[in-house]
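> Sequence first, predicted model second:
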Amino acid sequence: MAREENNLGKGLLIGFLTGAAVGSIIALLFAPKSGKELREDIKNKSQEFLEEADNYVANAKEKATELINEGKKKSDRLVAEAKEKVDSLLNEAEKILADAKDKAGNLAQVGKEKIERESERLKSAVKAGMDAYKAEKES
């Protein structure tokens, strides 16, 4: 939307400058002056028109440079913000991974201890069963 308004403004300015130049030249041609004075007036008006056009081009270049610099600043800021967010997310992911590893290690240790306890109970039960079988057989 802003670009359309900017283009409209540029078009209006160019149209105004062109109209002013053409109007000035027509006014000079219809003015009752000698040929030498008329040529001098046309030369002066043409020079004024060229100066205005040069000023317009210089202003347009300056504005374009400003817009480019603003765009660069905004893109640099956005890149920096994105980089900060990525770094923050990576740090958070590393913390979550470390916590998961700790929990997995703890769960593995608890599971290992439980298996060892159950294994000992099973060995004791098998031994008791064998002892009972031997005692039964001997009696």
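Cool, got the structure. Residues are numbered from 1 along each chain as shown.
> list the helices and strands the strand or helix carrying residue 125 packs on?
Assigned by DSSP states H and E, residue 125 belongs to helix 35-138. Where contact means 3 or more Cβ pairs under 8 Å, 6 or more residues apart in numbering; DSSP states H and E, helix 35-138 is packed against helix 2-30. No exception for glycine: its C-beta is placed from N, CA and C like everyone else's.
> now the helix it packs on: mean pLDDT?
The average pLDDT within helix 2-30 is 71.
> from now on call the first residue 522
Taking 522 as the first residue, the last one we looked at is helix 523-551.
> Closest to the centroid, which residue in this protein?
In the chain, the centroid-proximal residue (Cα atoms, centre = their mean) is residue 599; its distance is 4.3 Å.
> how close does residue 614 get to residue 622?
Residue 614 sits 13 Å away from residue 622, going by Cβ to Cβ, to the nearest Å.
> oh sorry, the question was meant for residue 646
36 Å.
> Show me where the protein dips below the pLDDT cut-off.
The model of the chain has pLDDT under 70 over residues 522-530, 549-550, 552, 554.
> Determine how far stretch 593-610 lies from the middle of the whole chain.
Counting by Cα atoms, centre = their mean, to the nearest Å, stretch 593-610 is centred 7 Å from the centre of its parent chain.
> residues of that stretch that come out buried?
Within stretch 593-610, no residue counts as buried by 16 or more other Cβ atoms under 10 Å.
> Now for residue 546, how many residues are close by?
For residue 546, the count of nearby residues is 15 (other Cβ atoms under 10 Å).
> OK, contacts around it?
563, 566, 567 (Cβ atoms under 8 Å, 6 or more residues apart in numbering).
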